[in-house]
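Enquirer: no letters, just coordinates:
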Ligand code: DX5
Ligand code: ZN
């Protein structure tokens, strides 16, 4: 079944623990953790200290999206802070093969993503080396932007390629997702849905339950 990965970027950072507590008692299994360095993207979010402190208060799988230059420099620090999966940007890595291998060698799952303007076909040589392919449906950097409709074709393209080649890679989508458009990305073939502002700017528990209700209806 499809899974939800709420992006904590849209939480109240003065009260992260309470926002995460509000997600409990649902079918949720993971949180999406957006790390930004102010260089790869024009915004700065948070780093290892915050992730490590969150690790102490929750068992959720930490699906971590690194919007930072040369993430290879920090793989061990992310591992120590309790991350389960590291997703890196194609554009941010000088040696992508080495970066992917280093994430795996440190006992984490590895994801690959790319900015909307990057040619998606450049990801193909890496698909048999990764656990997750993330299709960005907004320009990375900020929550609350509008969904880019051409990402539906990208999801369809990777769904077909992954199925045709019998690859074990999940497809994730990130940016501009709401309960009102999530059916489109599911129909296109997405496995994991990131949603930030739509989850945390409302009744958090109710909204997560609504997503899972849609996922269940879709899987019937
Ligand atoms: C954007 C981040 C997203 C963001 C999504 O760079 O990668 O994860 O939090 O936020 P919404 O769901 O509000 O578009
Ligand atoms: Zn993200």
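Expert: That came in fine, so what should we check first? Just so you know, these numbers come straight off a predicted model, no measurement behind them. Ligands and ions are numbered 1, 2, ... in the order given.
Enquirer: could you count how many residues lie near the closest residue to residue 147 other than its chain neighbours?
Expert: The shortest distance from residue 147 to any non-neighbouring residue, by C-beta to C-beta, 6 or more residues apart in numbering, is to residue 176 (3.1 Å). All C-beta spots, glycine's among them, are computed from the backbone N, C-alpha and C. For residue 176, the number of neighbouring residues by other C-beta atoms under 10 Å comes to 23.
Enquirer: I'd like the numbering to begin with 10 instead of 1 from here.
Expert: I'll keep to 10 as the first residue from here, and by that count the last item is residue 185.
Enquirer: residue 185: what secondary structure?
Expert: coil (DSSP: H, G, I helix; E, B strand; the rest coil).
Enquirer: could I get the contacting residues of it?
Expert: Shown in contact with residue 185 (C-beta atoms under 8 Å, 6 or more residues apart in numbering): 146, 147, 154, 155, 156, 157.
Enquirer: I'd say the fifth one and residue 144 touch.
Expert: No - with the criterion set as C-beta atoms under 8 Å, residue 156 and residue 144 do not qualify as a contacting pair; they are 11.1 Å apart.
Enquirer: from residue 112, how far out is the closest residue to ligand 2 within the chain?
Expert: Distances between the chain and ligand 2 by C-beta to the ion are smallest at residue 74, namely 3.6 Å. Remark: distance between residue 74 and residue 112 (C-beta to C-beta, to the nearest Å) = 13 Å.
Enquirer: same question, residue 121
Expert: 10 Å.
Enquirer: overlap in contacts, those two.
Expert: Going by C-beta under 8 Å, 6+ apart, residues that sit against residue 121 and also against residue 112 are residue 97.
Enquirer: can stretch 159-168 be said to contact ligand 1?
Expert: No - Stretch 159-168 stays clear of ligand 1 (C-beta under 6 Å from any ligand atom), getting no nearer than 11.8 Å.
Enquirer: hmm, back to that, now pLDDT and neighbour count too, for the contacts of residue 185, in a markdown table please.
Expert: Output for the contacts of residue 185, formatted as a markdown table (pLDDT from 0 to 100; neighbours: other C-beta atoms under 10 Å):
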| residue | pLDDT | neighbour count |
| --- | --- | --- |
| 146 | 99 | 25 |
| 147 | 98 | 19 |
| 154 | 98 | 15 |
| 155 | 98 | 10 |
| 156 | 98 | 18 |
| 157 | 98 | 16 |
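Enquirer: just these that are near ligand 1?
Expert: Answer for those near ligand 1 (C-beta under 6 Å from any ligand atom): 147, 154.
Enquirer: follow-up on the earlier one: more neighbours: residue 121 and residue 112, which one.
Expert: Between residue 121 and residue 112, counting by other C-beta under 10 Å, residue 112 is the more crowded of the two (26 against 23).
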